[in-house]
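Q: Need coordinates for the following:
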Amino acid sequence: MQEPPPGRLGRYEIEHELGRGMMGVVYRAVDPELHRTVALKTVRLAWAISDEERESFEKRFLNEARIAARLQHPGIVVVHDVGRDAATGTLFIALEFLEGRTLAELAASGASLPWRDALRLVARVAEALGHAHEKGVVHRDVKPANIMLLPSGQPKIMDFGIAKIPTSQLTAAGEFFGTPSYMSPEQAGAGNVDGRSDLFSLGAVLYLLLTGRRAFDASAVTAILTKLASEDPAPPSQAVPGLPADTDYIVARALSKKPEDRYADGRSFAEDAQDVLEGRPPRHRAGWREPRRVEGTMLSAELIPIEPDTEDLRHPTPSSRTLDGRAPTLRRDRDSRLLAIGGVAAAVLVGVLLYARRETPVETAAPESTQASEAPAATPPEAPAEQTPRPSSGGLLPRLFERPAKLDLSFEHSLKSGLLRVYVDDQLALERELSAPVTKKIILLKRRKQVLSETLELRSGDHVVRLHVTSGEDAYSSRIKGSFEEGGTRRLVASLGGLIGKEIELVWGTPSE
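A: Numbering: from 1, shown residues only. The predicted structure is shown next:
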């Protein structure tokens, strides 16, 4: 019987459970001090480990969560807090609460994306990954279930900052952690990984969005590992007529077996995608030669179902998540080719498990001045408890557009502390903490001022934009309606002021103001 959720963890008041997995439970919770909703992810291992392993695990969790909290990018979920509940000893991480649908849910629903929408979405994710890599953080589990699509159309990468499970549990628990269909060859082989491993995984996500099928797909983990090591997927244009040839180039480069043949960084990936979207030759193609292709079998044409370890956490199926570690028995009537593949796949799996027994070197954080660190696993492949908010009514999934409209927001205030929330059509689109520094002292008075600048992407059409500010027990709110053209930009100038009673003033401006 599932135990009831706690009433409180740390200072957070628990509302209800969002989902659970082998690494812990995710709750919807409220921070009473800042009056905001968070996704509170707790860490509780589902099996017994030694005290030494637990101590090492928890230190790594806290260190990596703090490193991930330094990542400030609109395409990366915000880490608000990390800590331990004094009463129960439970570790937790407080994350930005997201409303939307994951790309895994989108694929499972049978929806498909035009190639322009797929390229534009993946370009934004590549930029976000590039930011993380510049800070020394490698995600290690980029997959559709870890990319949330917000109502505004902005993708957000989730699950940065969760510590790795002790490597000895890879064999003791009989579980293959991670999502093999989206792992890079070096990660599947327990080799050293860097940001280019994440870009390989993103290339596999792009392949799914373009074709509706996985780049590396099979009914067993061993067969998937064989494909990763020895086969290249068919070019997307063979499955979807009408795709530009340069789309095949982007996918082929991202899915190159050797890291040195891939994009060097997320920015290059994003720039090539943007060039193709705008009808230009990819700027980073010059000098790159495609490695010799190893043709594999053509994948089935249907959209694949969501994999067991990325199922909607509101409907967990623990039995499907537990493997006994035994190799599948091949039927006697299989042909010799399948037997050969099975033998190679088994050898690959044995190699992975043997490598997994070795202790993964733990990298330390860089000096504070760099604001970066090389984290061993900012998000582990083995953390199945993804943040999966309940879908809201009214259709949170945005209509994907060819050219998004943009809202440039400038907000000026003088609050010592507070919280700004921006809603578009009553959907939360932005949340930022407020803290105006002192700009001038006059005897006993202190003048404060802070100007926040943010850009939101919206679908074209009419929208109601509402700003809501809280500071202590005070709250201020104001809304304004505006029309947005496809590909156009509107500037909203906002300020919180007033001599007697403060109020939020909203004025439409021009992009150049």
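Q: Could you list the low-confidence segments of the stretch 301-450 of the chain?
A: 301-403, 440-446 (pLDDT under 70).
Q: make it 80
A: Applying pLDDT under 80 to the stretch 301-450 of the chain flags residues 301-404, 438-447.
Q: Ok, the stretch 51-200 of the chain next?
A: For the stretch 51-200 of the chain, the stretches with pLDDT under 80 are 51, 53-68, 109-112, 160-179, 189-191.
Q: Can you give me the domain boundaries for the protein?
A: Following automatic domain parsing, one finds the domains of the chain at 99-370, 405-509.
Q: Nearest to residue 34, out of the ones you listed?
A: When those are compared for distance to residue 34 using C-beta to C-beta, the nearest one is domain 405-509, at 5.5 Å. All C-beta spots, glycine's among them, are computed from the backbone N, C-alpha and C.
Q: State the distance from residue 249 to residue 59.
A: 43 Å (C-beta to C-beta, to the nearest Å).
Q: which of those two has more neighbours?
A: With neighbours defined as other C-beta atoms under 10 Å, residue 249 and residue 59 compare such that residue 249 has more, 19 against 12.
Q: Please report how far the closest residue to residue 277 other than its chain neighbours lies from residue 184.
A: Taking C-beta to C-beta, 6 or more residues apart in numbering as the measure, residue 277 lies nearest to residue 119, with 5.5 Å between them; neighbours along the chain are not counted. To residue 184, residue 119 is 21 Å away according to C-beta to C-beta.
Q: Also residue 93?
A: For residue 93, the distance to residue 184 equals 25 Å [C-beta to C-beta].
Q: cool, residue 484 as well?
A: Summarising the geometry, the distance separating residue 484 from residue 184, computed by C-beta to C-beta, is 39 Å.
Q: Those two: which is more packed in?
A: Under the neighbour definition other C-beta under 10 Å, residue 484 and residue 184 were set side by side, and residue 184 has more, 26 against 21.
Q: The more buried one reaches residue 200, doesn't it?
A: Yes. Taking contacts as C-beta atoms under 8 Å, residue 184 lies within contact range of residue 200: 3.9 Å.
Q: what touches both of these two?
A: Both residue 184 and residue 200 are contacted by residue 259, under the criterion C-beta atoms under 8 Å, 6 or more residues apart in numbering.
Q: Tell me the buried residues in stretch 55-63?
A: Of the residues in stretch 55-63, those buried under the neighbour-count criterion (16 or more other C-beta atoms under 10 Å) are 56-57, 60-63.
Q: repeat for stretch 406-413
A: Counting neighbours by 16+ other C-beta under 10 Å, stretch 406-413 gives 406-411, 413 as buried.
Q: what do you get for stretch 460-468?
A: By neighbour count on 16+ other C-beta under 10 Å, the buried set for stretch 460-468 is 460, 463, 465-468.
Q: Take these and keep only those in strands.
A: In this view, the buried residues of stretch 460-468 that belong to strands under DSSP state E are 463, 465-468.
Q: which residues of this protein fall in helices?
A: For the chain, applying DSSP state H gives helices covering 51-68, 103-108, 115-134, 169-172, 185-188, 195-211, 221-230, 236-239, 245-254, 266-277, 318-321, 336-356.
Q: from the ones you listed, which stretch is densest packed?
A: Per residue and on average, the most neighbours among these fall to helix 195-211, with a mean of 25 (mean count of other C-beta atoms under 10 Å).
Q: so what does that one touch, helix or strand wise?
A: helix 103-108, helix 115-134, helix 185-188, helix 236-239, helix 245-254, helix 266-277 (3 or more C-beta pairs under 8 Å, 6 or more residues apart in numbering; DSSP states H and E).
Q: Go again with 7 Å.
A: helix 115-134, helix 236-239, helix 245-254 (3 or more C-beta pairs under 7 Å, 6 or more residues apart in numbering; DSSP states H and E).
Q: Out of those helices, which gets nearest to residue 78?
A: Distances from residue 78 to each of those were compared by C-beta to C-beta, and the smallest falls on helix 115-134, at 12.1 Å.
Q: Mind listing residues that contact the closest one?
A: Identification of contacts with helix 115-134 by C-beta atoms under 7 Å, 6 or more residues apart in numbering yields 71, 73, 75-76, 139, 147, 155, 157, 160, 195, 198-199, 202, 205-206, 209-210, 243, 247, 265-267, 269-270, 273-274, 276-277, 378, 400, 402.
Q: That helix to helix 195-211, inter-axis angle?
A: An angle of 170 degrees separates the directions of helix 115-134 and helix 195-211 when computed by axes from the mean of the first three to the mean of the last three C-alpha atoms, to 10 degrees.
Q: Could you check the angle helix 115-134 makes with helix 266-277?
A: Relative orientation of helix 115-134 and helix 266-277, computed by the same axes, to 10 degrees: 160 degrees.
Q: Next, the angle from helix 115-134 to helix 245-254.
A: Between helix 115-134 and helix 245-254, the angle comes out at 30 degrees (the same axes, to 10 degrees).
Q: Just the CA trace of helix 115-134, in CSV.
A: Written as CSV, here are the backbone C-alpha positions of helix 115-134 (Å, rounded to 0.1, in the frame of the first residue of the first chain):
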residue,chain,number,x,y,z
TRP,A,115,10.2,19.6,-40.2
ARG,A,116,10.4,23.3,-39.6
ASP,A,117,8.8,23.0,-36.2
ALA,A,118,11.1,20.1,-35.3
LEU,A,119,14.2,21.9,-36.3
ARG,A,120,13.2,25.1,-34.5
LEU,A,121,12.4,23.2,-31.3
VAL,A,122,15.6,21.2,-31.3
ALA,A,123,17.7,24.3,-32.1
ARG,A,124,16.4,25.9,-28.9
VAL,A,125,17.3,22.8,-26.9
ALA,A,126,20.8,22.8,-28.4
GLU,A,127,21.3,26.3,-27.3
ALA,A,128,20.3,25.5,-23.8
LEU,A,129,22.6,22.4,-23.7
GLY,A,130,25.4,24.6,-25.0
HIS,A,131,24.9,26.9,-22.1
ALA,A,132,25.1,24.0,-19.6
HIS,A,133,28.2,22.6,-21.3
GLU,A,134,29.9,26.0,-21.1
